[in-house]
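Participant: could you look at this predicted model? Sequence included:
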Amino acid sequence: MANNMKVGLFSGSFNPIHVGHLVVANYMLEFTSLDEVWFVVTPHSPLKRQEELLDDQLRLDMVRLALKEYEGLFASDIEFHLPRPSYTVETLAALDKEYPEKEFHLIIGGDNWVIFDRWYEHERILQKYGILIYPRKGEEVSIPHRYRDSVQVVKAPLVEISSTFIRESLKQGKNMRAFLPPGVYEFILERDLYRSSPLRTASRRG
């Protein structure tokens with residue numbers, strides 16, 4: 001019997017998606033055993049305070065625009081249809097139910113691994129799913145021996161670009177074309193996002 005397709009889940013608010021996200025996802029697709037990487041656009045993260053975010057659909061549209069030329073990279077709005085706040089363990093359960101033929105793995109940064117014991121039902125995640133960790137500056141990643149069959153550190157390039165930096169720069173009128181995927185910068189300019197008026201305060205955080 002053929003092995004299940006391996007799908008890496010790369011979750012985030014993507015507010016906005018930038019080239020650093022694409023570098024990590026592309027590296028995971030090409031240098032690990034993953035067959036696909038899904039960008040899971042999150043409406044709310046339980047570990048973060050409510051923040052000012054663009055509308056969920058706008059962020060999803062930017063992700064779809066960024067990925068349209070890439071094979072193996074896809075956008076997912078699964079968490080838009082789940083109770084909020086969205087917990088990763090519940091997202092995984094919903095995906096298992098909808099796609100029983102796929103094997104899901106989490107893609108997280110070293111900063112999230114350091115606080116992984118704060119994630120809701122984190123032991124259940126560790127027991128059932130694989131985790132791929134990419135490096136973040138200043139974070140030393142240590143994997144307990146009991147998890148080394150399911151948790152892997154991937155030496156992806158260290159890209160120090162943040163959505164916060166891009167948002168703040170856009171507010172200042174800076175040209176951020178080189179930091180954003182093709183088409184996304186134009187999308188932002190055409191809709192005057194992040195620039196002339198405060199972002200909408202999200203009751204639906206991402």
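Facilitator: Right, received. Where do you want to start?

Participant: from residue 115, how far off is the closest residue to residue 116 other than its chain neighbours?
Facilitator: Residue nearest to residue 116 in three dimensions, not counting chain neighbours: residue 122, with 5.5 Å by C-beta to C-beta, 6 or more residues apart in numbering. In this view, the C-beta of every residue, glycine as well, is placed from N, C-alpha and C. To residue 115, residue 122 is 10 Å away according to C-beta to C-beta, to the nearest Å.

Participant: between the two, which one's more packed in?
Facilitator: Using other C-beta atoms under 10 Å as the criterion, residue 122 and residue 115 rank with residue 122 on top: 14 against 10.

Participant: these two touch, right, the more buried one and residue 112?
Facilitator: No: using C-beta atoms under 8 Å, residue 122 is not in contact with residue 112, being 10.7 Å away.

Participant: touching both of the two, which residues are there?
Facilitator: Between them, residue 122 and residue 112 share no contacting residue under C-beta atoms under 8 Å, 6 or more residues apart in numbering.

Participant: between the two ends of stretch 69-82, what distance do you get?
Facilitator: In stretch 69-82, first residue to last residue: 28 Å (C-alpha to C-alpha, to the nearest Å).

Participant: residue 194: what's it in contact with?
Facilitator: 16, 54, 166-167, 170-171, 188.

Participant: SS state for it?
Facilitator: Recorded secondary structure, residue 194: coil (DSSP: H, G, I helix; E, B strand; the rest coil).

Participant: distance check, it against residue 96.
Facilitator: 36 Å.

Participant: now swap in residue 130 and tell me
Facilitator: 13 Å.

Participant: these two - which one has more neighbours?
Facilitator: It is residue 130, of residue 130 and residue 96, that has more neighbours when counted by other C-beta under 10 Å, with 20 against 14.

Participant: for that one, what are its contacts?
Facilitator: 6, 103, 105-106, 150-152.

Participant: give the residue spans of this structure that score low on pLDDT.
Facilitator: 1-2, 44-52, 196-206 (pLDDT under 70).

Participant: for it, which segments count as helices?
Facilitator: Using DSSP state H, the helices of the chain run over 19-31, 56-67, 88-98, 110-114, 122-128, 163-171, 184-190.

Participant: can you give the distance of the last one from its chain's centre?
Facilitator: Between the mean C-alpha location of helix 184-190 and the chain-wide mean there is a distance of 20 Å, by C-alpha atoms, centre = their mean, to the nearest Å.

Participant: list the contacts of that helix.
Facilitator: Outside helix 184-190, the residues touching it (C-beta under 8 Å, 6+ apart) are 16-18, 61-62, 65-66, 170, 176-177, 180, 193-195.

Participant: max pairwise distance over those residues: which two?
Facilitator: Farthest-apart pair in the contacts of helix 184-190 is 66 and 195; separation 19.2 Å (C-beta to C-beta).

Participant: compare the two (neighbour count), which wins?
Facilitator: Using other C-beta under 10 Å as the criterion, residue 66 and residue 195 rank with residue 66 on top: 26 against 13.
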